[in-house]
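J.: This is the structure alone, sequence omitted:
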C-alpha cells in the first residue's frame, strides 16, 4: 500500500511553487485555481505512487486548472491578466511581462522558474516533447528580455 | 553559466507570502470536506496539546512531546494521508478543553471516535470514560468493570495507550493504596489534573 506523508506537509512544501505558477498564469484567478488544484490533489492523493515527483504532479494539475480557466474566460482573459496585483519594483515588471506571453510560453517559463521543474517535467506537465518545451521556454525568455 | 543571477529567474523564483495565506484557506476548507483528518496544536496549562479529529469525532489528543510529525505519520499510514491542519475545524473540542481547564466544564460532549478501539482496550477505556469528574478508581476496579477482574496490569497498559488523554480521563485511575500509578503524559500532569478536579488546581 502506498503511504504518503500527511497531505498538510505536501501543501506546505509545494504551495509556494504552485501559487507563483498560477499567479503568473492566471493573475487574479490564482486563488480560485489554487483551491481547485489542491482539492483535486487531495482527492487523488492516497493513490499517488510513493516515488512520484510530487511537485511536478501538483504543477501538472495546476497547469490543467489554469488552461481550463483561460479557456473559460478567453475573451476577458487578456484584460484580466494584465491586471496583476501591485508589487514592489522590479519584480512587478517581470510578472507583468510574463502575463503578456502566449499561454504556452508563459506556462513553460513559469513551470521552469516559478515551479522550479527540470525541462523533462515541464514538458510532461504541458504534454509536449522536451524539445518543444525547451523551444517554448527559449522563446518566452527571449520575449521577456526584450520586454524588460 | 555563472556571474550575476538572471533577474527574471530571481523574480519568478522569489517566495510570495500570499502563498501561505492561500494554503491556510485551503486547509480550513478541506477540513470541512475532502480531508479525512484534521489537526491543530493548542496551548494548555499542561503544555501544548495535539488534537486530531475526523468526521466521526476526536481521534487523538496527546501532550506534545517533541515532534508531532511522528503521530501524524502514524495516522497517515493507519487511517488516511488526507490530513490537513485546521484550528477552526477543531473548535468544538478546543472550546470544551479551555472550559475544562478553567474549571467551568466537568464532562466532555463533543464526539469522540471510538472506531479504532477494540476488545479489552475498548472496554477499559469505556469504563474509564464513565468515572465521574473529581473521582478516582483503582486499576483493579477498572479491570473488573471491563470484565477481567484479574487483569489490573493489562488495564494499566490499555490506559497507557489511551489515544484521547484528558477527555478519556485515565488520570482518574490510580493504585488501590492511594499511589498515583502511571501516566503517559508524566505524573506531574496527572497530579495537576487531579488537583484541578478536586478544586485545588
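T.: That came through fine. It should be emphasised that the depicted structure is a prediction, and the values quoted were computed from it without experimental measurement.

J.: which is the next helix or strand following the worst-scoring helix or strand of chain A on mean pLDDT?
T.: When the helices and strands of chain A are compared on mean pLDDT, DSSP states H and E, helix A:74-82 comes out lowest with a mean of 57. Heading C-terminal from helix A:74-82, the first helix or strand you meet, by DSSP states H and E, is helix A:91-99.

J.: Could you pull out the buried residues of that following helix?
T.: Across helix A:91-99, burial judged by 16 or more other CB atoms under 10 Å in any protein chain shown covers A:93, A:94, A:95, A:96, A:97, A:98, A:99. For the C-beta atoms, the positions are set from N, CA and C on the backbone; glycine is no exception.

J.: quick one, phi/psi of the closest residue to residue B:114 other than its chain neighbours?
T.: Excluding its sequence neighbours, the residue lying closest to residue B:114 (CB to CB, 6 or more residues apart in numbering or on different chains) is residue B:122, at 6.8 Å. Dihedral angles of residue B:122 (phi, psi; degrees, to the nearest 10) stand at phi -60, psi -40.

J.: pLDDT weak spots in the chain?
T.: All of this refers to chain A. Under the criterion of pLDDT under 70, the regions of chain A flagged as low confidence span A:1-2, A:75-91.

J.: Oops, wrong one, chain B.
T.: Across chain B, residues meeting the criterion (pLDDT under 70) sit at B:1-3, B:201.

J.: Which parts of it are helices?
T.: Along chain B, the stretches classed as helices by DSSP state H are B:7-13, B:17-32, B:68-78, B:91-102, B:119-129, B:139-145, B:152-160, B:187-197.

J.: tell me the angle of the last one relative to helix B:91-102?
T.: This means helix B:187-197. Counting by axes from the mean of the first three to the mean of the last three CA atoms, to 10 degrees, helix B:187-197 lies at 80 degrees to helix B:91-102.

J.: Excluding residues flanking it in the chain, which one is nearest residue B:82?
T.: Excluding its sequence neighbours, the residue lying closest to residue B:82 (CB to CB, 6+ apart) is residue B:36, at 4.3 Å.

J.: and that neighbour, what does it touch?
T.: B:54, B:55, B:79, B:80, B:82, B:83 (CB atoms under 8 Å, 6 or more residues apart in numbering or on different chains).

J.: cool, and residue B:9?
T.: residue A:113.

J.: do the same with residue B:45
T.: Listed by CB under 8 Å, 6+ apart, the contact partners of residue B:45 are B:101, B:192.

J.: That one and chain A: what is the separation?
T.: Distance from residue B:45 to chain A, counting by CB to the nearest CB, to the nearest Å: 27 Å.

J.: can you list the residues of chain A near chain B?
T.: Chain A has residues A:3-9, A:11-12, A:15-16, A:18-20, A:23-24, A:30-31, A:34-35, A:38-39, A:42-43, A:45-46, A:90-91, A:94-95, A:98, A:109-110, A:113-114, A:116, A:141, A:144-145, A:148 near chain B, with proximity defined as CB under 8 Å from any CB of the partner chain.

J.: Return the subset of those lying in helices.
T.: Using DSSP H, A:7-9, A:11-12, A:15-16, A:18-20, A:23-24, A:30-31, A:34-35, A:38-39, A:42-43, A:91, A:94-95, A:98, A:109-110, A:113, A:141, A:144-145 are the members of the residues of chain A next to chain B that sit in helices.

J.: returning to what we had before: got the helices of chain B as JSON lines, with distance to residue A:134 columns?
T.: Putting the helices of chain B into JSON lines (distance: least, CB to CB, whole Å) gives the following:
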{"stretch": "helix B:7-13", "distance to residue A:134": "16"}
{"stretch": "helix B:17-32", "distance to residue A:134": "27"}
{"stretch": "helix B:68-78", "distance to residue A:134": "37"}
{"stretch": "helix B:91-102", "distance to residue A:134": "50"}
{"stretch": "helix B:119-129", "distance to residue A:134": "59"}
{"stretch": "helix B:139-145", "distance to residue A:134": "69"}
{"stretch": "helix B:152-160", "distance to residue A:134": "59"}
{"stretch": "helix B:187-197", "distance to residue A:134": "60"}
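
J.: Most tightly packed of those helices?
T.: Greatest average neighbour count among the helices of chain B goes to helix B:139-145 (a mean of 21), per mean count of other CB atoms under 10 Å in any protein chain shown.

J.: Contacts for it next, please.
T.: The set of residues external to helix B:139-145 that reach it, using CB under 8 Å, 6+ apart, is B:123-124, B:127-128, B:130-131, B:137, B:149-156, B:159, B:173-176, B:181.
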